[in-house]
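1. Predicted model and sequence below, questions to follow.
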2 protein chains.
Amino acid sequence: MSDPIAFRVMNEIGIIDQLGTTLFERSLPHALTLPQFVVLNHFVRLGGDRTPVELADAIQVTKATMTSTLQRLEAKGFISVTPDPKDGRSKRVAITAQGRAARTDSLKAMARDLADMETSLGAAKLEAALPLLSKLRVFLDQRRSAR
Amino acid sequence: MSDPIAFRVMNEIGIIDQLGTTLFERSLPHALTLPQFVVLNHFVRLGGDRTPVELADAIQVTKATMTSTLQRLEAKGFISVTPDPKDGRSKRVAITAQGRAARTDSLKAMARDLADMETSLGAAKLEAALPLLSKLRVFLDQRRSAR
DNA sequence: CTTTACAAGTACGATATCTAACGATATGGT
DNA sequence: ACCATATCGTTAGATATCGTACTTGTAAAG
């Protein structure tokens, strides 16, 4: 009478995402949301500038969703958005100095929860879980593209 | 320069939840969303009737969120909502015959994707990942309550 | 050159989710 | 009995997300 194992895993993942998102957002400064932080983090880690479509693909959301997130980040002054000189349809997005500072503040704010998580669950166990999660993500991503 | 392991795990989980939710919702009949299905599934698996607060706790969402989901399910005729005779503040929620049928239809629709997932990733591997995920959920749930 | 097809970004409507606040009802201590 | 407190469900406002459709611009085909 139990749900299939794949369903149970997806269910657990859904709840974890929900709880984790709200936990982290509560500690984020500048009224940043998690998606907003993820965009800033992406810029700091990989450098350079990006188009909205590139960001959407990297972060696995739709163009429309990225438009919304970028508008909020721009309103806060954490990114700059300029027209692309080479392609009239496109834009170039880059992080600002304030955006970098906000990302640093955010990391500090999340550090304690992340450290507690590692301590409580074990860094090795978390590391061990990552390969399956990656496979799961790849599987789902292919499913999406395939149809 | 890499993100901490706990962050990488949470990040991967977030993307999996996103991709998985949209994949499953695309196959669901009766314009059901995943949260709506989860409520129906809960009733069929555990039987009986429930108050909105009980459902919210079981499914790990807030009361307000459950209010919204229940209103949509009731509009579709998949649940019945009646005042609690013993407590004037409360309500009793139960699944209807149409709700049961919709849940059965939904299971069929998801079955193929779930089976493919098990085949592709291995039932044993999925089973092996579940304990850590459960611990993670419990950790996050305690964090929420603790504040 | 046109015309057609494709790509980038946005607008809109729907659902889900949270927090905060509210009214109604219960419950417990005095 | 009364009043303070707690609980139940709802509503309001914010953000995220999706799918669809539209505008604008580029590229390819004729």
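-> Sure thing, it's come through.

2. quick one: low-confidence ranges for chain A?
-> Counting by pLDDT under 70, chain A contains low-confidence ranges at A:1, A:146-147.

3. what residues are up against the residue nearest the centre of chain A?
-> Geometric centre of chain A, nearest residue: A:Val38, 3.6 Å, by C-alpha atoms, centre = their mean. Contacts here follow C-beta atoms under 8 Å, 6 or more residues apart in numbering or on different chains; on that basis A:Val38 touches A:Ile59, B:Asn11. No exception for glycine: its C-beta is placed from N, CA and C like everyone else's.

4. ok, then the element right after the helix or strand encompassing it?
-> In this assignment (DSSP states H and E), A:Val38 forms part of helix A:34-46. Once the chain leaves helix A:34-46, the next helix or strand it forms, by DSSP H and E, is helix A:52-59.

5. Which strands and helices lie in contact with the helix or strand just after that next one?
-> Per DSSP H and E, the first helix or strand lying C-terminal to helix A:52-59 is helix A:63-75. Judged by 3 or more C-beta pairs under 8 Å, 6 or more residues apart in numbering or on different chains; DSSP states H and E, helix A:63-75 is in contact with helix A:34-46, helix A:52-59, strand A:79-83.

6. Need the CA coordinates for helix A:63-75. CSV is fine.
-> Extracted C-alpha coordinates of helix A:63-75, given in CSV (Å, rounded to 0.1, in the frame of the first residue of the first chain):
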residue,chain,number,x,y,z
LYS,A,63,12.8,33.0,-19.5
ALA,A,64,9.7,34.5,-18.0
THR,A,65,10.8,33.6,-14.5
MET,A,66,14.3,35.0,-15.1
THR,A,67,12.8,38.3,-16.3
SER,A,68,10.9,38.7,-13.1
THR,A,69,13.9,37.9,-10.9
LEU,A,70,16.2,40.2,-12.9
GLN,A,71,13.7,43.1,-12.6
ARG,A,72,13.7,42.7,-8.8
LEU,A,73,17.5,42.5,-8.6
GLU,A,74,17.9,45.6,-10.8
ALA,A,75,15.4,47.5,-8.7
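
7. Do any residues in it lie close to DNA strand D?
-> Yes - using C-beta under 7 Å from any atom of the strand, helix A:63-75 reaches DNA strand D at A:Lys63, A:Ala64, A:Thr65, A:Ser68, A:Thr69, A:Arg72.
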